[in-house]
Structure formats: C-alpha cells, structure tokens
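Engineer: No sequence on hand, only this structure:
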C-alpha cells in the first residue's frame with residue numbers, strides 16, 4: 001500500500017452552513033490536485049493557526065521528523081493539529097465538513113469564524129491507495145453495518161458513495177447520531193434493490209438504539225464504527241458478545257473522547 005504523504009498549503013475558498021452543528025469549508029491551493037483522496041473514510045491531518053496568527057506554525061522543513069519538532073514548539077504558538085475526513089474533492093477544491101462542537105474547541109471556533117483567504121496546512125496522501133482509509137470490507141462480506149455520530153457523518157457519506165459505485169449489491173444498515181433534526185443530511189444510499197436502512201438518532205441515543213435493534217440481515221457482516229471513543233467501545237462489545245460478530249470483521253475508531261481534547265490524547269501517547 002502506498003504511504004506517500006505531503007504537506008499542502010491551502011486557503012479557504014468559501015464556507016457553507018450545513019445545519020446548526022456543521023459547517024463545510026472548501027479549500028484550494030496551487031497544488032491541491034496533488035492531494036489524492038481514496039474516498040470512503042479518507043482521513044488526513046489539518047493544521048490551523050492559533051488565534052492572532054495568520055499562518056499555521058508547522059516545521060515542514062524538518063522532513064520526516066516534523067512531528068517531533070512540532071511537539072517541541074510552544075503549545076501556545078504551534079499550529080492546532082486535528083484529523084479530518086475528506087468530504088469531497090473536485091479539480092482545484094478540497095471540501096471538509098467541520099463539526100462545530102457547540103463552539104467549545106479551537107477547531108470548531110476556527111471553522112465557525114473563518115472566511116475566504118484564510119490559510120491552513122494539510123498533510124495528505126498523494127496516492128488514493130493509502131493508510132488513511134479504514135473502511136475495507138473483507139472478502140465474503142454479505143452486508144454492512146455503519147454507526148456514527150456527527151463527527152463521523154462525512155465518513156459515512158463517503159462510504160455510502162463508494163458502496164454505491166463499487167459494491168451496490170451489499171445491504172446496508174446505518175445508525176447516525178446528530179444533535180438536532182436539522183443536522184440530518186441527504187444520503188446517496190447504496191444497496192441491492194434499495195436494501196438500505198438509515199436511522200437518525202438523537203444526541204446521546206446511539207448506543208441504546210443499536211443495542212435495542214431487532215434482527216439484522218443474514219449472512220456474514222462487516223461493521224464500521226466511529227465517533228466518541230466510549231460509545232464506540234460499547235457498540236463493539238455488544239457486537240462481539242451479543243451479536244456474535246467476528247472481531248476481524250469490525251473496524252472501530254474513536255474520533256474523539258468525551259472530556260478530553262486532542263492535545264490531551266497526544267500528551268498521553270507521548
């Protein structure tokens with residue numbers, strides 16, 4: 001699998017509200033077309049400037065050692081680093097959907113206030129077959145289960161588009177948790193003969209909704225779980241213990257953790 005990643009200097013082209021809790025930011029730049037998304041849940045690193053800074057401070061000249069050098073910078077000045085999903089890519093444009101998190105985090109505050117011309121830096125793939133894609137149904141998959149909260153909704157949209165194009169025969173069951181009714185989005189669904197069931201769940205209701213769900217489709221499943229880390233752990237445990245899923249057929253990712261910032265998680269991993 002190709003692993004070539006590069007830094008991309010990007011500028012905000014435009015922004016669009018997608019509901020009370022999410023905003024789409026479209027980026028451009030002279031080399032944005034070298035960024036090659038593989039679709040599905042394609043993730044990448046985005047660096048945002050600190051308040052009062054016009055550009056994100058990232059030691060790109062350090063080459064492969066950029067992370068160690070970035071860690072040694074003053075936290076009050078170094079760029080805010082976050083992981084995001086590619087929502088869409090068109091010639092000259094890269095679109096990213098930001099969960100605003102009630103304006104409590106630096107990335108959400110930046111997304112709510114940004115305007116055309118603002119600069120960011122991205123670390124992204126230059127080959128569409130890259131390690132930033134987790135949704136990979138194994139051979140023998142008969143149906144797909146997706147669970148996500150608002151932070152993972154862009155990935156679900158990408159996965160649905162990929163299934164529609166590449167595996168339209170697979171039935172899909174999806175539970176998506178959003179804070180408000182107006183946060184729902186139109187999904188281009190996949191599935192043979194329209195065998196797709198997408199259920200929207202109110203904030204805090206995702207584990208209960210999935211745990212209480214009735215019969216699931218027959219055959220060999222593949223589950224993709226993403227969102228708040230504690231919720232994801234609960235759902236994975238349920239699938240393993242009560243539903244009899246094989247652990248090799250569950251992909252799970254904590255996109256965030258309640259009560260912890262990404263800086264807290266980085267400090268724990270150091």
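Structural biologist: Great, that's in hand. What you see is a predicted model; the values in this text were computed from it and never measured. Residues are numbered from 1 along each chain as shown.
Engineer: SS state for the nearest residue to residue 79 once chain neighbours are set aside?
Structural biologist: Distances taken as CB to CB, 6 or more residues apart in numbering place residue 56 nearest to residue 79, at 3.4 Å, with adjacent residues excluded. For the C-beta atoms, the positions are set from N, CA and C on the backbone; glycine is no exception. State at residue 56, reduced to three classes by DSSP: H, G, I helix; E, B strand; the rest coil: coil.
Engineer: pretty sure residue 159 is in a strand, no?
Structural biologist: No: using three-state DSSP, the assignment for residue 159 is helix, not a strand.
Engineer: List the contacts of it.
Structural biologist: Residue 159 makes contacts with 40, 41, 135, 146, 224, as judged by CB atoms under 8 Å, 6 or more residues apart in numbering.
Engineer: helix, strand or coil for the last one?
Structural biologist: With three-state DSSP as the basis, residue 224 sits in strand.
Engineer: which residues sit in contact with it?
Structural biologist: Contacts of residue 224 (CB under 8 Å, 6+ apart): 41, 134, 135, 144, 145, 146, 147, 159, 250, 251, 252.
Engineer: what's the nearest residue to the first one if we skip its chain neighbours?
Structural biologist: Yep, that's residue 41 we're talking about. In this structure, residue 41 finds its nearest non-sequential neighbour in residue 155, 3.7 Å apart by CB to CB, 6+ apart.
Engineer: What does that neighbour show for phi and psi?
Structural biologist: Residue 155 has phi and psi values of phi -70, psi -40 when expressed as degrees, to the nearest 10.
Engineer: per-residue confidence for it?
Structural biologist: In this model, residue 155 is scored at 97, pLDDT.
Engineer: correct me, but it touches residue 148?
Structural biologist: Yes: distance between residue 155 and residue 148: 6.8 Å, which falls inside the contact criterion (CB atoms under 8 Å).
Engineer: still on that earlier bit, which of the contacts of residue 159 ranks first by neighbour count?
Structural biologist: In terms of neighbours by other CB atoms under 10 Å, the contacts of residue 159 top out with residue 41 at 27 neighbours.
Engineer: three-state assignment of it?
Structural biologist: Classification of residue 41 by three-state DSSP places it in coil.
Engineer: and it, what is it in contact with?
Structural biologist: 85, 133, 134, 135, 152, 155, 158, 159, 224, 226.
Engineer: same check, this time on residue 80
Structural biologist: Applying CB under 8 Å, 6+ apart to residue 80 gives the contacts 47, 48, 49, 50, 56, 106, 107, 110.
Engineer: thinking again about what came up before, show me whatever sits in contact with both of residue 155 and residue 148.
Structural biologist: Common contact partners of residue 155 and residue 148 (CB under 8 Å, 6+ apart): residue 226.
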